[in-house]
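In: coords below, sequence missing:
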């Protein structure tokens with residue numbers, strides 16, 4: 001019986017060889033299971049004492065990707081004991097490389113996605129930015145899979161230098177053909193990571209102003225004060241000077257009023273006090289200064305500065321409107337001729 005097992009060959013290997021190969025696989029599998037239990041127990045005890053959530057993801061990734069990979073490696077090393085033909089050995093080697101690459105890429109993608117998500121939730125946390133993060137995650141996934149496939153082809157003895165050269169030439173051609181699109185695309189990355197503004201912010205770009213409604217891969221949409229939608233290419237936004245009023249804790253408002261030359265001197269002297277009293281009696285408005293600034297062709301100019309707490313544009317316009325009404329009422333009650341010039345500089 002022993003002679004039969006050790007001498008009888010099937011496909012170039014004796015039954016003893018097959019039994020030893022199976023034994024190697026069983027021993028390795030059992031070893032992996034024992035080590036898995038010990039490591040998991042210690043890691044879970046460590047996780048319970050830490051506040052970092054990413055370690056949970058790492059443990060989950062190890063269970064889903066690394067442990068199955070180790071089982072396959074155990075099967076592969078068991079087979080290496082056998083005397084396999086060159087073609088069969090090459091097939092098993094290629095299968096090992098493909099499976100190892102697949103599990104490593106999947107593990108890398110999961111960890112990368114979580115790192116992006118964790119970082120962005122800590123930094124921003126708003127729903128719109130999280131939706132934009134999904135687009136970034138898709139791009140990262142494509143990049144990781146692309147690099148992984150190049151690594152896989154290189155280990156399978158493909159000449160990837162020719163592939164990279166072809167991709168480089170094709171990339172240059174695409175870059176020239178789609179220069180504007182790529183410029184907007186990279187502008188999206190700049191906006192996403194640098195965050196000069198976000199959805200809901202009131203911004204001014206050149207002579208256009210409005211509330212940011214959507215930040216897309218190519219364009220950003222803004223709803224203007226008048227109600228129409230303005231579409232900006234992302235490349236223009238990243239190259240323009242942007243005034244973002246959302247982050248402003250206090251708005252400085254400067255405006256001028258002109259009165260006619262027929263206004264008596266005494267009333268001119270009273271005007272700074274009148275305006276100061278008006279502003280100080282309006283909620284959320286803080287008086288700055290009021291001065292007789294200059295002489296114009298048809299009027300004498302007073303310059304007024306005050307401050308508004310908060311950044312809401314509608315609130316600012318409501319307060320300015322109340323100030324204008326009160327100034328009109330006071331001028332009418334005191335017989336000061338109507339202002340012939342009113343300029344507002346917010």
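Out: Alright, I've got the coordinates. If you're wondering where the values come from, they're calculated on a predicted model, not measured in any experiment. Residues are numbered from 1 along each chain as shown.

In: Name the residues of the strand or helix carrying residue 332 that are buried.
Out: Using DSSP states H and E, residue 332 falls within helix 313-334. Neighbour counts over helix 313-334 (16 or more other Cβ atoms under 10 Å) mark 313, 316, 319-320, 322-324, 326-327, 330-331 as buried. The C-beta positions use only the backbone N, C-alpha and C, and glycine is treated the same way.

In: name the helices or strands packed onto that helix?
Out: strand 250-259, helix 265-280, strand 300-309 (3 or more Cβ pairs under 8 Å, 6 or more residues apart in numbering; DSSP states H and E).

In: any idea of the mean pLDDT in it?
Out: Averaging pLDDT along helix 313-334 gives 89.

In: Look at residue 197 and tell me its secondary structure.
Out: Classification of residue 197 using DSSP: H, G, I helix; E, B strand; the rest coil returns coil.

In: How many residues are close by it?
Out: When neighbours are counted by other Cβ atoms under 10 Å, residue 197 registers 22.

In: remind me which residues of this protein are low pLDDT?
Out: For the chain, residues meeting the criterion pLDDT under 70 lie at 1-13, 43-59, 61, 119-135, 160-179, 247, 338-346.

In: in it, which residue is closest to the centre?
Out: residue 192 (3.9 Å; Cα atoms, centre = their mean).

In: wait, what's in contact with residue 188?
Out: 215-218, 234 (Cβ atoms under 8 Å, 6 or more residues apart in numbering).

In: part of a strand, is residue 263?
Out: No. Going by three-state DSSP, the assignment for residue 263 is coil, not a strand.

In: In what element of secondary structure is residue 210 found?
Out: Following DSSP H and E, one finds residue 210 within strand 208-215.

In: Which elements pack onto that strand?
Out: With contacts defined as 3+ Cβ pairs under 8 Å, 6+ apart, the packing partners of strand 208-215 are helix 127-155, helix 179-194, strand 202-205, strand 219-224, strand 229-233.

In: try 6 Å this time
Out: Counting contacts by 3 or more Cβ pairs under 6 Å, 6 or more residues apart in numbering; DSSP states H and E, strand 208-215 packs against strand 219-224.

In: and the strand it packs on, how far out from the chain's middle?
Out: Distance, stretch centre to chain centre, for strand 219-224: 18 Å (Cα atoms, centre = their mean, to the nearest Å).

In: Parallel or antiparallel, list what pairs with that strand.
Out: Paired neighbours of strand 219-224 in the sheet (DSSP bridges): strand 208-215 (antiparallel), strand 229-233 (antiparallel).

In: May I see the buried residues of stretch 100-113?
Out: Going by 16+ other Cβ under 10 Å, stretch 100-113 has these buried residues: 100-101, 103-110, 113.

In: between those residues, which is closest to residue 298?
Out: Nearest to residue 298 among these: residue 113, at 66.4 Å, using Cβ to Cβ.

In: picking that back up, strand 300-309 and the helix holding residue 332, what's the angle between them?
Out: Inter-element angle recorded for helix 313-334 and strand 300-309: 140 degrees (by axes from the mean of the first three to the mean of the last three Cα atoms, to 10 degrees).

In: relative to helix 265-280, how tilted is helix 313-334?
Out: 150 degrees.
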